[in-house]
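[1] Here is my input, please return the structure:
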Amino acid sequence: MTGDTVWYEGTAEVAKRYQPKLVIAFAGAAEPRGAFDVTMDSNDVIETAHAFPGATIVGVHNHGWAHFTESAEDLAGAFATLRIADRLGKLEAGKPARFAV
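    Modelled structure (predicted):
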């Protein structure tokens, strides 16, 4: 689970040490205090997917507040464009989800 962060060398270091089957990425490109992200944007989540090649990536924390500049649909579109949509786990509000790990 990335928590509120963007892609940085610390995330890459975790990828070198561990091989999780599921990565929860705080996405949404949140900008609560101006034009800098405090959560990952689609490019950061894609970088995370490349760093953890054996993991399903689930984007969370990307809806419900006005400071999110990217939606779950934006993230899904970016993954689809790069033909890695099968790596992105999907969530539906109010419904339980299971991921094969």
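[2] Endpoint to endpoint, stretch 78-92 covers what distance?
    Its first and final residues considered, stretch 78-92 spans 19 Å by CA to CA, to the nearest Å.
[3] Now do it: everything it contacts.
    Stretch 78-92 is contacted by residues 22, 42-43, 45-46, 49, 55-60, 72, 75-76, 97, 99 when judged by CB atoms under 8 Å, 6 or more residues apart in numbering. Quick note: C-beta positions are derived from backbone N, CA and C, even for glycine.
[4] Just the buried residues of these.
    Of the members of the contacts of stretch 78-92, the ones counted as buried by neighbours, 16 or more other CB atoms under 10 Å, are 42, 45-46, 49, 55-60, 72, 75.
[5] quick one on the thing from earlier: cross-reference the contacts of stretch 78-92 with the helices and report the matches.
    For the contacts of stretch 78-92, the ones inside helices are 42-43, 45-46, 49, 72, 75-76, with DSSP state H as the criterion.
[6] which stretches of this structure form strands?
    For the chain, applying DSSP state E gives strands covering 22-26, 56-60, 88-89.
[7] what does the second one rub up against?
    Strand 56-60 is contacted by residues 21-28, 45, 48-49, 72, 75, 87-91, 97, 99-101 when judged by CB under 8 Å, 6+ apart.
[8] quick revisit: need the buried ones among the contacts of stretch 78-92 in JSON lines (columns: distance to residue 32).
    Formatted as JSON lines, the buried ones among the contacts of stretch 78-92 follow (distance: CB to CB, whole Å):
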{"residue": "42", "distance to residue 32": "18"}
{"residue": "45", "distance to residue 32": "19"}
{"residue": "46", "distance to residue 32": "23"}
{"residue": "49", "distance to residue 32": "25"}
{"residue": "55", "distance to residue 32": "28"}
{"residue": "56", "distance to residue 32": "28"}
{"residue": "57", "distance to residue 32": "23"}
{"residue": "58", "distance to residue 32": "22"}
{"residue": "59", "distance to residue 32": "18"}
{"residue": "60", "distance to residue 32": "17"}
{"residue": "72", "distance to residue 32": "18"}
{"residue": "75", "distance to residue 32": "19"}
